[in-house]
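Participant: Would you be able to build a 3D model of this:
(one chain, ligands or ions: 1)
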Amino acid sequence: MSVVVDALAQGYGTSTVIDNLSITLRPGLTALLGPNGAGKTTLLRTLATVMPPRNGVVRIDDIEIDSERSARRVRDHIGYLPQDFGFDPQMTVADFVTYAAWMRGVPSGQWRRSVDEALEMVDLTDQRRAKMRSLSGGMRRRAGIAWAVVGRPRLVLLDEPTVGLDPRQRLQFRKIISGLGDTVVVLSTHLIDDVGAVCDRVIVLHSGEARFDGTVAELEALGHDGLPGHSRLERAYMHLLPEGEQQL
Ligand SMILES: Nc1ncnc2c1ncn2[C@@H]1O[C@H](COP(=O)(O)OP(=O)(O)OP(=O)(O)O)[C@@H](O)[C@H]1O
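Facilitator: Next up, the predicted model:
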């Protein structure tokens with residue numbers, strides 16, 4: 001799976017959110033960091049083929065996403081978990097994840113196995129018959145992660161997947177995404193600890209522009225004393241913000 005974004009411009013109405021963004025995504029875990037409103041969700045929605053690029057090119061598996069038709073050719077390979085995902089509260093956990101398998105074109109003969117595998121990954125096997133409405137916030141989020149990974153899509157896009165997870169669940173989440181092997185995984189987060197623990201690569205977005213694109217170690221190297229932050233990574237993140245936003 002290859003994902004190429006070249007000179008992407010994206011926005012809503014008359015406002016431009018992303019301007020001239022070029023990145024290439026490879027198998028492994030890439031974190032999208034950036035302040036509120038930086039354009040992380042907008043980029044993930046564009047990669048999920050929910051929003052056609054306003055300008056520039058998005059190419060997934062060598063297919064340029066420039067029409068609904070081209071988007072349909074790649075959607076089966078994409079698992080996208082939006083920040084606020086909806087569900088029918090009466091659905092069972094297994095039905096919810098099966099629905100994703102169906103949408104992703106997993107053949108019906110493989111639904112049971114794929115759903116079992118996804119539920120096992122997120123440790124919800126025992127809750128498979130529970131109604132979605134009866135789950136705690138953290139369990140719902142894990143059901144959402146199962147939704148995104150069922151059928152093993154080769155591009156997984158997770159928008160703030162660790163919000164609402166308790167510390168143990170966050171550790172479980174790290175284990176889940178570390179096990180996705182040669183999948184291209186992009187996750188947006190505000191939790192710098194998650195980035196340091198599991199991501200191969202970090203892209204820091206600010207005002208729709210990539211202010212940093214490199215490894216966690218390279219990002220860490222930018223952190224220096226004199227900037228606010230409890231870890232080198234936090235200080236490095238602060239270093240990448242415009243000067244006026246670097247101090248508290
Ligand atoms: N549907 C929409 N219509 C109009 N403007 C929008 C819409 N969605 C987002 N925006 C605007 O686009 C900009 C980028 O938003 P986006 O949600 O992509 O940022 P983000 O980095 O994901 O932020 P957060 O960390 O708060 O989730 C913001 O200024 C936001 O107000």
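Participant: what's around the nearest residue to residue 47 once chain neighbours are set aside, how many residues?
Facilitator: Take residue 47 and drop its neighbours on the chain: the residue closest to it by CB to CB, 6 or more residues apart in numbering is residue 157, 5.6 Å away. Placement of C-beta: from N, CA and C, glycine included. When neighbours are defined as other CB atoms under 10 Å, residue 157 has 27 of them.
Participant: Listing partners with orientation, what would you give for the helix or strand containing residue 157?
Facilitator: According to DSSP states H and E, residue 157 maps onto strand 155-159. According to DSSP bridges, strand 155-159 forms sheet pairs with strand 78-81 (parallel), strand 184-188 (parallel).
Participant: Name the residues of the chain found near the ligand, please.
Facilitator: Within the chain, the positions near the ligand by CB under 6 Å from any ligand atom are 12, 17, 34, 36, 37, 38, 39, 40, 41, 42.
Participant: what kind of secondary structure is the fifth one in?
Facilitator: Think residue 37. State at residue 37, reduced to three classes by DSSP: H, G, I helix; E, B strand; the rest coil: coil.
Participant: and it, how many neighbours?
Facilitator: Residue 37 has 13 neighbours, counted by other CB under 10 Å.
Participant: Could you confirm residue 21 falls within a strand?
Facilitator: Yes. Assessed with three-state DSSP, residue 21 lies in a strand.
Participant: need the contact list for it.
Facilitator: 5, 7, 8, 9, 10, 43, 56, 208, 209, 210 (CB atoms under 8 Å, 6 or more residues apart in numbering).
Participant: still on that earlier bit, next up, the contacts around the residue nearest to residue 47.
Facilitator: Residue 157 makes contact with 44, 47, 48, 78, 79, 80, 81, 148, 185, 186, 187, according to CB under 8 Å, 6+ apart.
Participant: now with 10 Å?
Facilitator: Residue 157 is in contact with 3, 25, 32, 43-48, 50, 78-82, 148, 184-188, counting by CB atoms under 10 Å, 6 or more residues apart in numbering.
Participant: Just the buried ones from those residues?
Facilitator: The neighbour-count test (16 or more other CB atoms under 10 Å) marks 3, 25, 32, 43-48, 78-82, 148, 184-188 as buried among the contacts of residue 157.
Participant: about what we covered before: CA atoms only for the strand holding residue 157, dumped as PDB, please.
Facilitator: In PDB, the C-alpha atoms belonging to strand 155-159 read as follows (Å, rounded to 0.1, in the frame of the first residue of the first chain):
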ATOM      1  CA  LEU A 155      -4.800   1.700   5.200                       C
ATOM      2  CA  VAL A 156      -6.100   2.400   8.700                       C
ATOM      3  CA  LEU A 157      -7.000   6.000   9.700                       C
ATOM      4  CA  LEU A 158      -7.800   6.700  13.300                       C
ATOM      5  CA  ASP A 159      -8.900  10.100  14.500                       C
END
